[in-house]
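Participant: Here is my input, please return the structure:
(chains A and B)
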Amino acid sequence: MKSKRKSHILSKTISLMLLIIVTVIYMLPFFWMVSTSFKADYELYEYPAPLLPDKLIFENYKLAVTYFPFWKYFRNTLIITLGSVIGVLFSCPLAAYSFAQLEWKGKNLVFYLLIATMMLPNFVTLIPVFVIFSKLNLVNTFWPLILPSFLGQPFFIFLLRQFFLSLPTSLFDAARIDGASELQIYTKIALPLTKPALIVVALFQFLGSWNDYLGPLIYLTNENKYPLSLGLPQFLSQYGTHWNWMMAAATITVIPVLIFFIFTQKQLVEGIKFTGSKG
Amino acid sequence: MTKKRKQAAIGILFALPTLLGLIIFKIYPILASGFYSLTEYHITLPPQWIGVKNYKNLFSDPLFIKSFSNTLYYLIWLVPLGLIVGICLALLLVKDIKGIGFFRSMVYLPSIVPIYAFATVALWFFNPYFGLVNGLLARVGVEGPLWIADEKWVKFTLVLVAQWGAGPTALLFMAGMKDVPKELYEAATLDGANAWQKFWKITFPFISPITLYYLITSAIGALQFFDLPNIMTGGGPNNASLSVGMYIYRHAFRYTNMGYACAMSWIIFIISLILTIVLLRTSMKWVFYGE
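Facilitator: Predicted coordinates:
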């Protein structure tokens, strides 16, 4: 019995050490980012690289913000992101509710078609969709990055449909007998009950839009329209040798995501688990 | 009857935005890109039918062949390595240790940092002369490779950088592992099973559906590998990291060679379709569904 406990403690110690090593490896690039962002120019090109700056040069941040119009990029990113979050919150629960609780001909066919498109490589549809938006003269506007979310996202519809399926049909039938319209049932009963799932959908879409790189790259060429995803790499190509400014700009870009993460990590993790159990 | 009809009308109305999206952004584009791939098309002028010429040209285009073999390299490395990293992390993160929540957050965090920010940081992190990785290696007397500056190392470096995004995969596997009843492990221990046997006989069946999901989505992702190489290397040095995705982008949006780019995207489409079908078919043999 004693040896069993001993081996138990040993295995826990080993696990803990491995966890610490893994965490250090996963955090190391960020340590390097922050450390570099405070370094003086001469410290950038020493070999082997000094781990920490001699003294903290806060001016790097001032210079980075001067050359890197963070707030403009931030605003553009925010517009695109909020627009798409509103879009998915409008279109996805509507469709999911329809697939889960309403009866109509061809429903299952449409649903399976929708699910099949989740396996579709993005690059196949990219070019014709670009042609559509360019014919509509919408290139260099935010519309190509926002509008599609108003027309459904298969993955979110799939998730929300699972949620709506778990609600008892009798609940909705009772409301129907009481004379409630389908729209009332949807907005007054179904939507409030799915709030946790809607939050997960909103968070996933928020991250997806905030982190999207290919979309803006294709549709936005006017620098005034640049989101962070284009602004930061552009800064890299212009001031690539000033790694301290560069890392200051990267730090500023990461901070909002970090704040977002601190407030939402519980829901995000729950959301991933939910995906796993239904996936 | 009328009630039923009314419900059907409302059902279709509710699904209408999604139906429109399905047609405008999925079904029509698949057909259109198939059609464009058989034409010469530069957007400003209407497409000119040229049959399979684009496909023929592709196979004598050295850059396409290079980008294609690079993409196969990404596929062969990204998918299994991501699986191993994801499962190993999950095995650690599933442990019931004090403060485990902190470790889970730290492993998950890099995956939600925007790829464009992480790519620039990784570029400096793996800088051959002034980056932290080679700096640390130098301290222990090892001369590190040139990473992305070396044709032989660049693809592997990108695959390595991609592993910082393993957090969500790890959490998915972890959620699957949590469903395993503890008694099974205890019984196996009594029977003298070692850790390796326990993993394959007990843990793996529980995470096999997630493995299938991972294999399909990550294979499709690897075939479209774009963000990291585009930001970190631009395809270089000497096109050693150029992926098909980047080559599609180049032809479509720099040279406005839409037809040629569509032919490439269809090749990727067909390969991903075959991979998905093969994985789904073989899955019956190794995926274990409870109940």
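Participant: Point me to the residue of chain B nearest chain A.
Facilitator: B:Gly21 (2.7 Å; CB to the nearest CB). For every residue, glycine as well, the C-beta is placed using N, CA and C.
Participant: isn't there a strand covering that residue?
Facilitator: No. Looking at B:Gly21 with DSSP: H, G, I helix; E, B strand; the rest coil, it is helix, so not inside a strand.
Participant: So chain A: which segments form each domain?
Facilitator: Domain ranges of chain A: A:2-57, A:68-239, per automatic domain parsing.
Participant: Just to check, A:Ile79 is in contact with A:Leu145?
Facilitator: No. Contact criterion CB atoms under 8 Å: A:Ile79 and A:Leu145 do not qualify, at 9.3 Å.
Participant: Which one's more surrounded, the two?
Facilitator: Neighbours per residue, other CB atoms under 10 Å in any protein chain shown: of A:Ile79 and A:Leu145, the larger number sits with A:Leu145, 25 against 15.
Participant: In contact with the more buried one, which residues are there?
Facilitator: Shown in contact with A:Leu145 (CB atoms under 8 Å, 6 or more residues apart in numbering or on different chains): A:80, A:83-84, A:209, A:212, A:215-216, A:219.
Participant: Count the residues that sit near the residue of chain B closest to chain A.
Facilitator: Neighbour tally, B:Gly21, other CB under 10 Å: 25.
Participant: Quick check: the gap between it and A:Leu147.
Facilitator: Separation of B:Gly21 from A:Leu147 (CB to CB, to the nearest Å): 9 Å.
Participant: Over to A:Ala95?
Facilitator: For A:Ala95 relative to A:Leu147 (CB to CB), the value is 16 Å.
Participant: With A:Pro154 instead?
Facilitator: 16 Å.
Participant: Those two: which has the busier surroundings?
Facilitator: More crowded of A:Pro154 and A:Leu147, by other CB under 10 Å: A:Pro154, with 22 against 19.
Participant: right, and that one touches A:Thr117 too?
Facilitator: Yes. A:Pro154 is within contact range of A:Thr117, at 5.5 Å (criterion: CB under 8 Å).
Participant: OK, contacts around B:Ile268?
Facilitator: B:Ile268 touches A:121, A:123-124, B:223-224, B:244-245, B:248, counting by CB under 8 Å, 6+ apart.
Participant: Only the buried residues of the helix or strand where it lies, if you could.
Facilitator: Per DSSP states H and E, B:Ile268 falls inside helix B:258-286. Residues B:258-269, B:271-272, B:275-276, B:279, B:283 are the ones in helix B:258-286 that count as buried (16 or more other CB atoms under 10 Å in any protein chain shown).
Participant: what does stretch B:97-112 give?
Facilitator: B:100, B:103-112.
Participant: Run through who's touching it.
Facilitator: A:12, A:15-16, A:19, A:22-23, A:26-27, A:29-30, A:207, A:211, A:257-258, A:260-261, A:265, A:268-269, B:89, B:92-93, B:118, B:164-168, B:170-171, B:174.
Participant: Under the pLDDT cut-off, which ranges of the chain? List them.
Facilitator: Just so you know, I chose chain A. In the predicted model, chain A carries pLDDT under 70 at residues A:1-4, A:274-279.
Participant: look at chain B instead
Facilitator: Looking at chain B by pLDDT under 70, you get B:1, B:290-291.
Participant: if we can go back for a sec, so which of the buried residues of stretch B:97-112 is the closest to B:Leu132?
Facilitator: B:Pro110 (14.9 Å; CB to CB).
Participant: Can you tell me the element that closest one falls in?
Facilitator: Judged by DSSP H and E, B:Pro110 forms part of helix B:100-112.
Participant: Check B:Tyr289 too.
Facilitator: Using DSSP H and E, no helix or strand contains B:Tyr289.
Participant: for A:Gly215, same thing?
Facilitator: Going by DSSP H and E, A:Gly215 is part of helix A:214-219.
Participant: what about the following helix or strand past that helix and chain B, touching?
Facilitator: For helix A:214-219, the succeeding helix or strand toward the C-terminus, using DSSP H and E, is helix A:228-239. Yes. Judged by CB under 8 Å from any CB of the partner chain, helix A:228-239 and chain B are in contact via A:228-230, A:232-233, A:236.
Participant: mind checking how far helix A:228-239 is from the chain centre?
Facilitator: Distance of helix A:228-239 from its chain centroid, counting by CA atoms, centre = their mean, to the nearest Å, is 20 Å.
Participant: tell me the angle the helix or strand that it is followed by makes with helix A:228-239.
Facilitator: Going down the chain from helix A:228-239, the next helix or strand is helix A:243-278, by DSSP H and E. For helix A:243-278 against helix A:228-239, the angle by axes from the mean of the first three to the mean of the last three CA atoms, to 10 degrees is 150 degrees.
Participant: Can you point out the buried residues in helix A:243-278?
Facilitator: In helix A:243-278, counting by 16+ other CB under 10 Å, buried: A:243-254, A:256-257, A:260-261, A:264-265, A:268-269, A:271-276.
Participant: Quick one: name the residues of the stretch 151-291 of chain B near chain A.
Facilitator: B:164, B:168, B:171-172, B:175-176, B:209-210, B:213, B:216, B:220, B:223-224, B:226-227, B:230-231, B:245, B:248-249, B:252-253, B:258, B:261-262, B:264-266, B:268-269, B:272-273, B:276.
Participant: and if we set it to 7 Å?
Facilitator: When proximity is defined as CB under 7 Å from any CB of the partner chain, the stretch 151-291 of chain B approaches chain A at B:164, B:168, B:171-172, B:175-176, B:210, B:213, B:216, B:220, B:223-224, B:226-227, B:231, B:245, B:248, B:252-253, B:258, B:261-262, B:265-266, B:268-269, B:272, B:276.
Participant: list the contacts for the residue of the stretch 151-279 of chain A found nearest chain B?
Facilitator: The stretch 151-279 of chain A approaches chain B most closely through A:Leu151 (2.7 Å), counting by CB to the nearest CB. Contacts for A:Leu151 (CB atoms under 7 Å, 6 or more residues apart in numbering or on different chains) come out as A:91, B:17-18, B:20-21, B:24-25.
Participant: What about those residues, which are in helices?
Facilitator: Of the positions in those, A:91, B:17-18, B:20-21 sit in helices, assigned by DSSP state H.
Participant: Just the buried subset of those residues, please.
Facilitator: The buried subset of the ones in helices among the contacts of A:Leu151 (16+ other CB under 10 Å) comprises A:91, B:17-18, B:21.
Participant: I'd say A:Tyr67 and A:Tyr239 touch.
Facilitator: Yes. With contact defined as CB atoms under 7 Å, A:Tyr67 and A:Tyr239 form a contacting pair (6.1 Å).
Participant: Need the residues touching each of the two.
Facilitator: Common neighbours of A:Tyr67 and A:Tyr239 (CB under 7 Å, 6+ apart) are A:Trp245.
Participant: Would you mind writing the CA trace of the helix holding B:Pro110 as PDB?
Facilitator: Only the C-alpha atoms of helix B:100-112 are listed here, as PDB (Å, rounded to 0.1, in the frame of the first residue of the first chain):
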ATOM      1  CA  ILE B 100      -4.100  22.300 -13.600                       C
ATOM      2  CA  GLY B 101      -6.500  25.000 -14.800                       C
ATOM      3  CA  PHE B 102      -3.500  27.400 -15.100                       C
ATOM      4  CA  PHE B 103      -1.600  24.900 -17.300                       C
ATOM      5  CA  ARG B 104      -4.600  24.400 -19.500                       C
ATOM      6  CA  SER B 105      -4.900  28.200 -20.000                       C
ATOM      7  CA  MET B 106      -1.300  28.600 -20.800                       C
ATOM      8  CA  VAL B 107      -1.300  25.800 -23.500                       C
ATOM      9  CA  TYR B 108      -4.500  27.100 -25.000                       C
ATOM     10  CA  LEU B 109      -3.500  30.800 -25.000                       C
ATOM     11  CA  PRO B 110      -1.100  30.800 -28.100                       C
ATOM     12  CA  SER B 111      -3.900  29.300 -30.300                       C
ATOM     13  CA  ILE B 112      -6.100  32.400 -29.800                       C
END
